[in-house]
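Participant: Turn this into a structure:
(2 chains)
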Amino acid sequence: DSGVTQTPKHLITATGQRVTLRCSPRSGDLSVYWYQQSLDQGLQFLIQYYNGEERAKGNILERFSAQQFPDLHSELNLSSLELGDSALYFCASSVGDLTYEQYFGPGTRLTVT
Amino acid sequence: AQSVTQLGSHVSVSEGALVLLRCNYSSSVPPYLFWYVQYPNQGLQLLLKYTSAATLVKGINGFEAEFKKSETSFHLTKPSAHMSDAAEYFCAVSRGGSSNTGKLIFGQGTTLQVKP
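Facilitator: Below is the predicted model:
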């Protein structure tokens, strides 16, 4: 158990819908990272937040957005969902913004039908 | 831009045999390198990391990796495979001290099969 929690574990929804994925980092960690894992794209970095502020952006679609709240939990919002958005979404956390040891949560499996 | 190439999407070894999973990286700045393991239906677990200290890095579960700058490689090894080592392994790179973010760039992964 890494100490990073993600909810829900599974999510099935229809095209065009909007969903919110939630992540709670390890106690004391200030950075949250979101990654997407799919069969065709592999593991891709989406976005990083550090202490409530966006720190880095990767291959994140404009239909996706994220935020980190004062209690340091983070949410990834996916809207206008397409079939291709079906993937495993991981959250990871680390102590600092440059701390390279990241701890991963169990992931949320999103299926868009 | 940084990138990681894992040679061999699938590696099969016998129990007790040497495990060798290959990773080559590309980076314009001194990299930080990582190996993660993913068991079925689980998240990623850090096996070991290289952050510009000793070039031979020891990790958990008997794994180790050696950073070779001249070969731009960071291969993962284990002297004797165990059935419980069967999983998917990912090599990852970050920009190290020259970065303002710890984001990871992952390779495509290598599935390790261990035969009895």
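
Participant: For the residue nearest in space to the middle of chain B, which non-adjacent residue is closest in space?
Facilitator: Taking Cα atoms, centre = their mean, the centroid of chain B lies closest to residue B:35, which sits 3.2 Å from it. In space, and not counting its chain neighbours, residue B:35 is closest to residue B:47: 4.3 Å by Cβ to Cβ, 6 or more residues apart in numbering or on different chains. Where you see a C-beta, it was placed from the backbone N, CA and C, and this is true even at glycine.

Participant: thinking again about what came up before, where's the residue nearest to the centre of chain B, which helix or strand?
Facilitator: In the assignment (DSSP states H and E), residue B:35 maps to strand B:32-38.

Participant: Alongside chain A, which residues does chain B contribute?
Facilitator: Contact residues (Cβ under 8 Å from any Cβ of the partner chain) of chain B with chain A: B:32, B:34, B:36, B:42-46, B:49, B:51, B:90, B:92, B:94, B:96-97, B:99-109.

Participant: Mind doing that once more with 10 Å?
Facilitator: Proximity of chain B to chain A (Cβ under 10 Å from any Cβ of the partner chain) is limited to residues B:4, B:6, B:32-34, B:36, B:38, B:41-46, B:49-51, B:90, B:92, B:94-97, B:99-109.

Participant: Out of those, name the ones that lie in strands.
Facilitator: B:4, B:6, B:32-34, B:36, B:38, B:44-46, B:49-50, B:90, B:92, B:94, B:105-106 (DSSP state E).

Participant: quick one: the lowest-mean-pLDDT helix or strand in chain A to chain centroid distance?
Facilitator: Counting by mean pLDDT, DSSP states H and E, chain A has its least confident helix or strand at strand A:53-57, which shows a mean of 92. Here the centre of strand A:53-57 is set off from its chain's centre by 13 Å, with Cα atoms, centre = their mean, to the nearest Å.

Participant: What strands line up against that strand, and which way round?
Facilitator: Applying DSSP bridges, strand A:53-57 is found paired with strand A:42-50 (antiparallel).

Participant: Just give me how far stretch B:25-33 sits from the chain centre.
Facilitator: Centroid displacement of stretch B:25-33 relative to its chain, using Cα atoms, centre = their mean, is 14 Å.

Participant: what sits up against it?
Facilitator: A:98, A:100-101, B:1-5, B:23, B:48-52, B:57, B:65, B:67, B:69, B:72-74, B:91-99, B:102, B:104-105, B:107 (Cβ atoms under 10 Å, 6 or more residues apart in numbering or on different chains).

Participant: Could you pull out the buried residues of stretch A:88-98?
Facilitator: Neighbour counts over stretch A:88-98 (16 or more other Cβ atoms under 10 Å in any protein chain shown) mark A:88, A:89, A:90, A:91, A:92, A:93, A:94, A:95, A:97, A:98 as buried.

Participant: Alpha carbons only: can I get that stretch in CSV?
Facilitator: What follows is stretch A:88-98, C-alpha atoms only, in CSV (Å, rounded to 0.1, in the frame of the first residue of the first chain):
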residue,chain,number,x,y,z
LEU,A,88,-6.3,3.6,-16.5
TYR,A,89,-5.7,6.9,-14.7
PHE,A,90,-3.0,7.0,-12.1
CYS,A,91,-2.3,9.6,-9.5
ALA,A,92,1.1,9.8,-7.9
SER,A,93,2.5,11.9,-5.1
SER,A,94,5.8,13.1,-3.8
VAL,A,95,7.1,15.2,-1.0
GLY,A,96,8.3,18.2,-3.0
ASP,A,97,8.0,19.6,-6.4
LEU,A,98,11.4,18.3,-7.4
